[in-house]
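Colleague: take a look and give me a structure for this.
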Amino acid sequence: MVNVSVAVPYRESDDRRKELWQFTYCWLVKHHPNWPIVCGSSPDGPFNRGAAINDAARRGGQWDVLVVHDADNICDPTALRRAVNWSYSTGQVYYPFRTYTYLDEFGLDPVWWTQGQAACAV
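Modeller: The predicted model follows:
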């Protein structure tokens, strides 16, 4: 079995960002319940995504594959599992999407109202 850790570079800055992260977290837990999710912190000052990823990677335990997952987007669960298995078997980076869905009010609200509320009933 592949040991997977999910690294999320994140800093709460407003209510909308918090709402997006809550949705994304619920999505990840529902579709990948055995993958630990670790939020990475950035030093004070402007947000440093790389530093936050490194922080989460260090605190993510013993992993074979690190999934770097933003707090404000989602990925097809099957595609993400395939990417993990492919990365594990080849040692290469894999981007498991063809379409990037940013969870702003136009991207999140239709998903939330069709399936998100059920996804977040954790």
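Colleague: the helix or strand hosting Asn54 packs against which elements?
Modeller: In the assignment (DSSP states H and E), Asn54 maps to helix 49-59. Here helix 49-59 touches strand 4-9, strand 37-40, going by 3 or more Cβ pairs under 8 Å, 6 or more residues apart in numbering; DSSP states H and E. For every residue, glycine as well, the C-beta is placed using N, CA and C.
Colleague: restrict that helix to CA atoms and write it as CSV.
Modeller: The C-alpha trace of helix 49-59 is given here as CSV (Å, rounded to 0.1, in the frame of the first residue of the first chain):
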residue,chain,number,x,y,z
ARG,A,49,3.4,28.9,-0.9
GLY,A,50,6.7,27.0,-1.2
ALA,A,51,7.5,27.4,2.5
ALA,A,52,4.0,26.2,3.4
ILE,A,53,4.4,23.1,1.2
ASN,A,54,7.7,22.3,2.8
ASP,A,55,6.3,22.8,6.2
ALA,A,56,3.4,20.4,5.5
ALA,A,57,5.8,17.9,3.9
ARG,A,58,8.0,17.8,7.0
ARG,A,59,5.0,17.4,9.3
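Colleague: in this structure, which spans are helices?
Modeller: Assigned by DSSP state H, the chain shows helices spanning 15-31, 49-59, 77-90, 105-111, 117-119.
Colleague: export the ones you listed to CSV and append columns for mean neighbour count.
Modeller: Listed next are these as CSV, based on neighbours: other Cβ atoms under 10 Å:
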stretch, mean neighbour count
helix 15-31, 17
helix 49-59, 16
helix 77-90, 15
helix 105-111, 14
helix 117-119, 13
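Colleague: now tabulate these in JSON lines and tack on mean pLDDT.
Modeller: As requested, the helices of the chain are arranged in JSON lines below (pLDDT from 0 to 100):
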{"stretch": "helix 15-31", "mean pLDDT": "89"}
{"stretch": "helix 49-59", "mean pLDDT": "97"}
{"stretch": "helix 77-90", "mean pLDDT": "96"}
{"stretch": "helix 105-111", "mean pLDDT": "59"}
{"stretch": "helix 117-119", "mean pLDDT": "54"}
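Colleague: please compute how far the helix holding Asn54 lies from its chain's middle.
Modeller: Centre-to-centre, helix 49-59 and its host chain are 13 Å apart (Cα atoms, centre = their mean, to the nearest Å).
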